[in-house]
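K.L.:
sequence first, predicted coordinates after that:
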Amino acid sequence: MSASPSSPSSHSAILSPSPHPQEAEEENSKPARAHTSIPLPDVISIKVHFRKGQPRVRCRVSKDLPLPTFRHRKTEDSYGVLTARIKTALAGVNGLEWPSGGHPYIQPTHTTTQQNYQELNEDNFNEFIAKAWRSEARRLENPADIFINVYVYLSVPAKRATTGNRNNIQRASRSRIEAAHTIIASAVERRTLPELGPITVAHYARHLARQPSLPAEREVLTLPETNTFRQTQHLDEQVHSHNLKRQAAEDEQQEEFRTIKLKVNGTVVCYEIELRSLRAALNLPNFDLNGLANFAQDQIALPEDDMDDIDHAED
């Protein structure tokens, strides 16, 4: 049985040579070459975003942080120039700092999430800036709208050692306040500090607890001359005066006899009389009437000029 003749298409498929792997790779890389051939401008706008948190972790935007934009000159500015500008922009930010050895992070493309931001350093700075700009150039038609997004992550300054440093304020914890109370009581006992009222002592103990270091055990203490301490001392005086009056009133109420003065034959004579019997003779209740709402001692201001009562006049 003879074989059927082959079709022309099958001959062409057999005879046509397959493309060389290197030629196929060059063919696939043509669009990429077209993209990389976009010339970079002399000046590139870099927008710096400050974030509070760790790198490559989603952080919320803080309205209190600045949002500077720098004009990066391709041939003159370097990675060190950018970091110096970032530190200058952070000079007015309080409570946050750029950690020592920290690096800025660049957003390679418009859709790149924070987890995939790339760390900038002196070696890759120019390369990553160029790639990010060309990525935005393919997305935006107007070169004036193109800017590079760079992120800088800030942190709260770590607590520094308080030894020998008088500028750091400590937290007034319970243990430090108790230790300050002990130091104040020891100073009062040694008579190196005058006796203070409870309000002043409480405030002074908190004041000492917030200092970088507590005073030594036998150190001479000096009460600060501030308005706050003057107010606490005045309040202590008012409380002491009130307590004395209250104690005197309580002592007076506990007395069974009272001293009254009688004039006998023209001579004033003092007699002690039982309170209970005196109240019974005067038909008074057996408790202190001064404890009630008694306003008999209030002085009512009388008018200087008299006038006719026309409100109650008869028609």
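P.N.:
Okay, I see it. Numbers count the residues shown, from 1 in each chain.
K.L.:
what sits up against stretch 227-237?
P.N.:
Defining contact as C-beta atoms under 8 Å, 6 or more residues apart in numbering, one finds that stretch 227-237 is touched by 196-200, 203-204, 223. C-beta: built from backbone N, CA, C; applies to glycine.
K.L.:
now residue 95: how far from residue 143?
P.N.:
38 Å (C-beta to C-beta, to the nearest Å).
K.L.:
quick one, which of those two is more surrounded?
P.N.:
Taking other C-beta atoms under 10 Å, residue 95 and residue 143 do not tie; residue 143 has more neighbours (13 against 9).
K.L.:
can you read off the pLDDT for that one?
P.N.:
pLDDT, residue 143: 82.
K.L.:
can you tell me the closest non-neighbouring residue to the residue nearest the centre of the chain?
P.N.:
When C-alpha atoms, centre = their mean is applied to the chain, the residue found nearest the centroid is residue 95 (8.3 Å). Setting aside the residues directly before and after it, residue 95 is nearest to residue 156 in space (C-beta to C-beta, 6 or more residues apart in numbering), at 6.7 Å.
K.L.:
and that neighbour, its phi and psi?
P.N.:
phi -80, psi 130 (degrees, to the nearest 10).
K.L.:
quick one: contacts for it?
P.N.:
Counting by C-beta under 8 Å, 6+ apart, residue 156 has contacts 95-97.
K.L.:
redo these as TSV? Include secondary structure, distance to residue 245 and pLDDT.
P.N.:
TSV is the format used below for those (DSSP: H, G, I helix; E, B strand; the rest coil; distance: C-beta to C-beta, whole Å; pLDDT from 0 to 100):
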residue	secondary structure	distance to residue 245	pLDDT
95	coil	49	81
96	coil	54	87
97	strand	56	88
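K.L.:
of the residues you listed, just say which sits nearest to residue 216.
P.N.:
residue 95 (32.1 Å; C-beta to C-beta).
K.L.:
look up how far residue 261 lies from the closest one.
P.N.:
Distance from residue 95 to residue 261, by C-beta to C-beta: 72 Å.
K.L.:
what does residue 230 give?
P.N.:
As judged by C-beta to C-beta, residue 230 and residue 261 stand 44 Å apart.
K.L.:
out of the two, which sits in the busier spot?
P.N.:
residue 230 (13 against 8).
K.L.:
tell me which residues in the host helix or strand of the more buried one are buried?
P.N.:
Per DSSP states H and E, residue 230 falls inside helix 227-254. Buried residues in helix 227-254, counted by 16 or more other C-beta atoms under 10 Å: 229, 232-233, 236.
K.L.:
now, which of these sits nearest residue 211?
P.N.:
Distance to residue 211 across these (C-beta to C-beta) is lowest for residue 229, with 14.8 Å.
K.L.:
tell me the pLDDT at the closest one?
P.N.:
89.
K.L.:
same deal with residue 184?
P.N.:
91.
K.L.:
swap in residue 84?
P.N.:
92.
K.L.:
and for whatever helix or strand it lives in, what's in contact with it?
P.N.:
Secondary structure from DSSP H and E places residue 84 in helix 79-89. Contacting residues not belonging to helix 79-89 are listed as 46, 48, 66, 68, 70, 72, 98, 104, 120-122, 125, 150, 152 [C-beta under 8 Å, 6+ apart].
K.L.:
10 Å instead?
P.N.:
By C-beta atoms under 10 Å, 6 or more residues apart in numbering, the residues outside helix 79-89 that reach it are 46, 48, 50, 65-68, 70-73, 77-78, 97-98, 102-104, 120-126, 129, 150, 152.
K.L.:
in strands only, show me those.
P.N.:
Of the contacts of helix 79-89, the ones assigned to strands by DSSP state E are 46, 48, 50, 70-73, 150, 152.
K.L.:
got a ChimeraX select line for the buried ones in the residues you listed?
P.N.:
Selection of buried members from these for ChimeraX, criterion 16+ other C-beta under 10 Å:
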select :46,48,50,70,72,150,152
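K.L.:
give me the low-pLDDT residue ranges for the chain?
P.N.:
Applying pLDDT under 70 to the chain flags the ranges 1-37, 158-168, 251-255, 287-315.
K.L.:
now residue 208. Nearest residue, chain neighbours left out?
P.N.:
Sequence neighbours aside, residue 180 is the residue nearest to residue 208 in space, at 4.0 Å (criterion: C-beta to C-beta, 6+ apart).
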